[in-house]
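S.K.: Any chance you could fold what I've pasted below:
(chains A and B)
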Amino acid sequence: MKFKKSPGYILFLIINYGVLFFLAATCFFPILHVLALSMSSSAAASSGRVLILPVEFNLQSYRYVVENNAFLKAFAVSVKRVALGVPINMFLTVLSAYPLSRRKEQFRMKTFFTWFFLFTILFSGGMIPWYMVIKETGLLDTIWALTIPGAVPVFNVILLVNYFRSIPAELEEAAYMDGASHWCILWKIFLPISIPTLATVLLFSLLSHWNSWFDGLILMNNPDKYPLQSYMQTIVISRDPTTLTERDLDLLKIISDKTTKSAQLFIAMIPIICVYPFLQKYFTTGLIVGGIKG
Amino acid sequence: MGELDPKGAGAAMKSAMRSRKVQQLKREIPLYIMLMPAVVILLVYAYGPMIGNVIAFQRFLPGRGLFGSEFIGLENFIYVFKMPNIWSVIYNTVFISSMKIVLGIIVPVTVALMLNEVHHNAFKRTVQTIIYLPYFLSWVILSGIIITILSPSDGIVNHLLGYLGIEPIFFLGDERIFPYTIVVTDIWKNFGFGTIVYLTALTSIDPNLYEASLIDGANRWQQTIHITLPGISTTIILLSVISVGNILNAGFEQIFNLYSPMVYSTGDILDTLVYRMGIQNYQFGVATAIGLIKSVVATVFIVVSNRAAEKIGGYRVF
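M.R.: Here you go, the predicted structure:
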């Protein structure tokens, strides 16, 4: 589109680019700043001389983190959680999405079960009873506490159901005529053509497992079993400057907490920074499929 | 030809129908098997806690369990409403979440419109990609970053403000500022995602409309007001109506990581109160009562807002 380049329009463009650049900067620079802090000397970090480039570059805090058993243990728990939790999520999402995507003639209890799933988003049991149920079922302090209670991600199920419903009926009717079973139709027809949506769902599930921290914090009595984000919560948040005691302040003078904290923050971000460029592609697909349809 | 036997035909039809029903059921069995595992898990871990809400009506003792604890009627609820801070907590919850809802619409829509005016594709794509990075980071990580950069003693933000001659601001420790810090950081995390949603909606506007308006002599501003905004108005209305359902969710994960006793007066919300009373102070009955009230009201809001979305935009979530 061509417009007359009036002074007003040019001014608008300058402001527009300026504001957008500023917004992008507010999202990007804090992360860069944390990275720079993690690679600076503790003196530089606490004197406020570090902006987005390391001052007095060193990797001491990374060495501290790598030698820090608690961090590595927590990282391992997170990996284990993802390795167990994501396949469980995917398996149950696919298995529940197929029946719920059938037409009413094919599955007469469809409406009932759809509501059975939806109601769980509509009404939540609340924090205390949720904790009690997990405790009563004996999952506390095991990796299963982090993977089983959230094993059915209802939102992902809805997303996949919507996609399955958009698959032309002729495809499965042909297979049905040839005597294919539901299992066969799901496995051989539905799954192969749903790969982009499955990828979206997989990324959602991956992200939610990697990012969850609250469940780890209250379902694990032993801090050795904390996943990474729960461990980060205890070290990064609980020592925030607003709640520091006199003794903590003395300790802070000896070891710079700031640089090691920054290093751990950055390491915990790496997996997300690695996968999120891929998210954009699948994200929009997922949104279009799952979002404004219903 | 022999006479038709209506009775016999009826019986044959009935048995045919029955065998068809049996066949249909046979055809459905695999579907039930597929649903079984998910249903069991939801029954235990989603419906179980709903039933567990009876704790709200008990003087609950963990040692005695759900069935052994004494029922005390509405005593816990009466206690809740006699708590000195309950009304301020409700106020904080609604205040923070409604600011989040309003800005959560205005900011992404504005940014989407602004990005729409950018014709350098590389710049546009870069900005788009960067602004929704925070959306994918957890509140623990983001809070770590926020606490680091907002620290009044050695945070970068206060350092920069210092160059402008502004006294250090205690963003997370000053009870007057805390709610706004919460709202701004929440928008910071989420606006990139909202922007993408609106940009997607923008692409579905018919380009012919712009061509036609150009011939009529419309300038870019008039196009934005008369074509672009109406073009995404359905999406705007739908998303805002749906977000109203979240009025009681002021953001537990965020506030839990950023608040401190210094800012309880303006920053404590229902969910954090439930956490402290239940998990920290073991007042299970009272905490569950607060949680139950919140769940019931939230459900009403969600249902009403979704009904409204359906009426206005024909959009159905449930």
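S.K.: Just give me the neighbour total for residue 145.
M.R.: Using chain A. A:Ala145 has 22 neighbours, counted by other CB atoms under 10 Å in any protein chain shown. The C-beta positions use only the backbone N, C-alpha and C, and glycine is treated the same way.
S.K.: My question was about chain B, not that one.
M.R.: B:Ile145: 22 neighbours (other CB under 10 Å).
S.K.: From what I see, B:Ile146 and B:Leu258 are in contact.
M.R.: Yes. Using CB atoms under 8 Å, B:Ile146 is in contact with B:Leu258, at 6.6 Å.
S.K.: per-domain residue ranges of chain A.
M.R.: A:9-58, A:69-291 (automatic domain parsing).
S.K.: Using TSV, lay out those together with distance to B:Ile225 and mean pLDDT.
M.R.: Converted to TSV, the domains of chain A look like this (distance: least, CB to CB, whole Å; pLDDT from 0 to 100):
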stretch	distance to B:Ile225	mean pLDDT
domain A:9-58	14	90
domain A:69-291	26	86
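S.K.: TSV for the ones you listed, including distance to B:Met262?
M.R.: Below are the domains of chain A laid out as TSV (distance: least, CB to CB, whole Å):
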stretch	distance to B:Met262
domain A:9-58	22
domain A:69-291	6
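S.K.: Using JSON lines, please lay out these together with distance to chain B.
M.R.: Below are those laid out as JSON lines (distance: least, CB to the nearest CB, whole Å):
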{"stretch": "domain A:9-58", "distance to chain B": "4"}
{"stretch": "domain A:69-291", "distance to chain B": "2"}
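S.K.: Quick one: closest of those domains to B:Lys100.
M.R.: domain A:9-58 (17.4 Å; CB to CB).
S.K.: first to last residue in the closest one, what's the distance?
M.R.: 48 Å (CA to CA, to the nearest Å).
S.K.: just to revisit the earlier point, which among the domains of chain A is found nearest to B:Pro62?
M.R.: For B:Pro62, the closest of the domains of chain A is domain A:69-291, at 7.9 Å, according to CB to CB.
S.K.: Can you give the distance of the closest one from its chain's centre?
M.R.: Mean C-alpha position of domain A:69-291 versus that of the full chain (CA atoms, centre = their mean, to the nearest Å) differs by 7 Å.
S.K.: Over to the residue most central in space within chain A. Which of the three states is it?
M.R.: Nearest to the geometric centre of chain A sits A:Leu207, at 2.4 Å (CA atoms, centre = their mean). Three-state assignment for A:Leu207 (DSSP: H, G, I helix; E, B strand; the rest coil): helix.
S.K.: how close does the nearest residue to it once chain neighbours are set aside get to A:Glu56?
M.R.: Closest residue in space to A:Leu207, ignoring its immediate chain neighbours: B:Phe136 at 6.2 Å, by CB to CB, 6 or more residues apart in numbering or on different chains. Distance of B:Phe136 to A:Glu56, computed by CB to CB, to the nearest Å: 32 Å.
S.K.: and what of B:Leu229?
M.R.: As judged by CB to CB, B:Leu229 and A:Glu56 stand 51 Å apart.
S.K.: now swap in B:Thr203 and tell me
M.R.: In terms of CB to CB, B:Thr203 sits 48 Å off from A:Glu56.
S.K.: Look at these two and report which has more neighbours.
M.R.: Comparing B:Thr203 with A:Glu56 by other CB under 10 Å, the one with more neighbours is A:Glu56, at 13 against 10.
S.K.: how many other residues sit next to the closest residue to that one other than its chain neighbours?
M.R.: Of all residues not flanking A:Glu56 in the chain, A:Ser41 sits nearest, at 3.8 Å (CB to CB, 6+ apart). By the criterion of other CB under 10 Å, A:Ser41 has 19 neighbours.
S.K.: Enumerate every residue touching A:Ser41.
M.R.: Contact analysis of A:Ser41 by CB atoms under 8 Å, 6 or more residues apart in numbering or on different chains lists A:Val55, A:Glu56, A:Asn58, A:Gln60, A:Thr259.
S.K.: if we go to 10 Å?
M.R.: A:Ser47, A:Arg49, A:Val50, A:Pro54, A:Val55, A:Glu56, A:Phe57, A:Asn58, A:Gln60, A:Ser61, A:Ser256, A:Thr259 (CB atoms under 10 Å, 6 or more residues apart in numbering or on different chains).
S.K.: Tell me which of these fall in helices.
M.R.: Residues of those located in helices (DSSP state H): A:Ser47, A:Gln60, A:Ser61, A:Thr259.
S.K.: Would you mind measuring from the last one to B:Thr195?
M.R.: Looking back up the chat, that one is A:Thr259. 33 Å.
S.K.: B:Val102: which element?
M.R.: helix B:86-116 (DSSP states H and E).
S.K.: For stretch B:173-193, list every residue counted as buried.
M.R.: Neighbour counts over stretch B:173-193 (16 or more other CB atoms under 10 Å in any protein chain shown) mark B:173-174, B:177-179, B:181-193 as buried.
S.K.: Can you give the domain ranges for chain B?
M.R.: According to automatic domain parsing, the ranges for chain B are B:6-53, B:85-313.
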